[in-house]
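*Asks:* attaching a predicted model along with its sequence, questions to come.
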Amino acid sequence: MEIPKNIGLVLSGGGFKGVAHIGVIRALEEAGIIPNFVSGTSAGAIAGALYAGAYSPDEIKKFFTKTSIFNFNRFTRKKAGFLDSEKFQDDLENFFPDNSFEALDKKLFITATNLIEGTVKVFSKGQLIKPILASAAFPGVFTPIMIEEELYADGGILDNFPIDPLLQKCDMIIGVDVSPIKKPKISDFKHSYNVMQRAYYLRAMPNAEMKFKHCDIVIQPKKLVNHGIFSSSNLDKVLDLGYQEAKLQLDKYFNAT
C-alpha cells in the first residue's frame, strides 16, 4: 500500500503516560511512516513539539526522564498551583533555542484552554514555548500561563484529543490516546491527585472517543490504565506499551488494506 503524502499525528494528554507517545513515534519511523502534521495537547504537546523539532525518540525520552518535575525550586506559594509553569522555560529553551513554531521541521498545532473564555485555543505560529507550557499546565498542579493578556491552562480540560486542526489537511490521520480509563475502587482515592486524575479522565475520555472515528488508525495502549499520570516510575515500560500497541495497530491496518 502506498503511504499517503500528508499524514497527521494526534497526541493526547496523559501526564507521564505521554512517554508512550515516544514508543509510537519509534514504531512509525520503523514502518517508514513519517507524519508531517502534528497536533498535541498537554503531554502530547511536549512530545509533539520535540518530534516536530526533529528530535529522535531517544532524545525525546531524555527530556521526559531528565526533566525534574517536583524539584523544590519549581514550587510556588503565590500563584494558582503547586508548581510554577514558567520555571520550566529554561528546560524547553535547551531544546527550542529559536522558540518558534516556524523553526520546526513539521507543522505543529498545540491546544490550550482559555480559562476566562472557556474555549480551546489552537497555537500554530509565533512563540512556541509558552503555548507548550500552557498546554501542559494541569489545573491545580501547574500554574496557568499568560499569553497576550489571556490566561491559559491544560488543553486536555476541553479537548484531550486535538484532531480538529488536522481534519482538512491530511490524507491519513493516526490518533494516539494515552488516557484509557478503568473503573476505580473507593480504596484507590488515597490522595488529592487520585481525585484530580479521576476527574481528568472522566472529562477527557468521552471527548476523545467521539473523535476516534475520524482517524485511520487509533493507537490506545489499554495497559496504560495501570500507570498514573503523575507517576514517573516504569517509564521504559510505558514507552514499550506505546511501541507494541503501535506495531499491532499498524500491522492490522496494512494487512487489512
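*Replies:* Yep, that arrived.
*Asks:* just the strands in the chain please.
*Replies:* Secondary structure of the chain, counting by DSSP state E: strands at 7-11, 37-41, 107-114, 119-123, 145-147, 150-153, 172-176, 217-219.
*Asks:* so which of those strands is nearest residue 75?
*Replies:* Between residue 75 and these, the shortest gap by C-beta to C-beta is with strand 145-147, which sits at 16.8 Å. For every residue, glycine as well, the C-beta is placed using N, CA and C.
*Asks:* helices and strands around that closest one, which ones?
*Replies:* Packing contacts for strand 145-147, counted by 3 or more C-beta pairs under 8 Å, 6 or more residues apart in numbering; DSSP states H and E, involve helix 129-135, strand 150-153.
*Asks:* among these, which is the most enclosed?
*Replies:* Among the helices and strands packed on strand 145-147, ranked by average contacts under mean count of other C-beta atoms under 10 Å, first place goes to helix 129-135 (a mean of 26).
*Asks:* in CSV: the strands of the chain, plus distance to residue 48 and mean pLDDT.
*Replies:* Putting the strands of the chain into CSV (distance: least, C-beta to C-beta, whole Å; pLDDT from 0 to 100) gives the following:
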stretch, distance to residue 48, mean pLDDT
strand 7-11, 5, 98
strand 37-41, 3, 98
strand 107-114, 6, 98
strand 119-123, 12, 97
strand 145-147, 17, 96
strand 150-153, 17, 96
strand 172-176, 10, 98
strand 217-219, 14, 97
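*Asks:* tally of neighbours for residue 68?
*Replies:* 12 (other C-beta atoms under 10 Å).
*Asks:* tell me the contacts of it?
*Replies:* Going by C-beta atoms under 8 Å, 6 or more residues apart in numbering, residue 68 touches residue 74.
*Asks:* just residue 224 next, same as before
*Replies:* By C-beta under 8 Å, 6+ apart, residue 224 lies in contact with 14, 17, 20, 178-180, 238, 241.
*Asks:* pLDDT value on the residue nearest the centre of the chain, please?
*Replies:* In the chain, the centroid-proximal residue (C-alpha atoms, centre = their mean) is residue 44; its distance is 1.2 Å. On the pLDDT scale, residue 44 is placed at 97.
*Asks:* and residue 208, by the same measure?
*Replies:* pLDDT at residue 208 comes out at 78.
*Asks:* equivalent analysis for residue 30, please.
*Replies:* Value for residue 30, per-residue pLDDT: 97.
*Asks:* just confirm residue 52 contacts residue 38, I think it does.
*Replies:* Yes - the pair residue 52 and residue 38 qualifies as a contact (C-beta atoms under 8 Å) at a distance of 5.0 Å.
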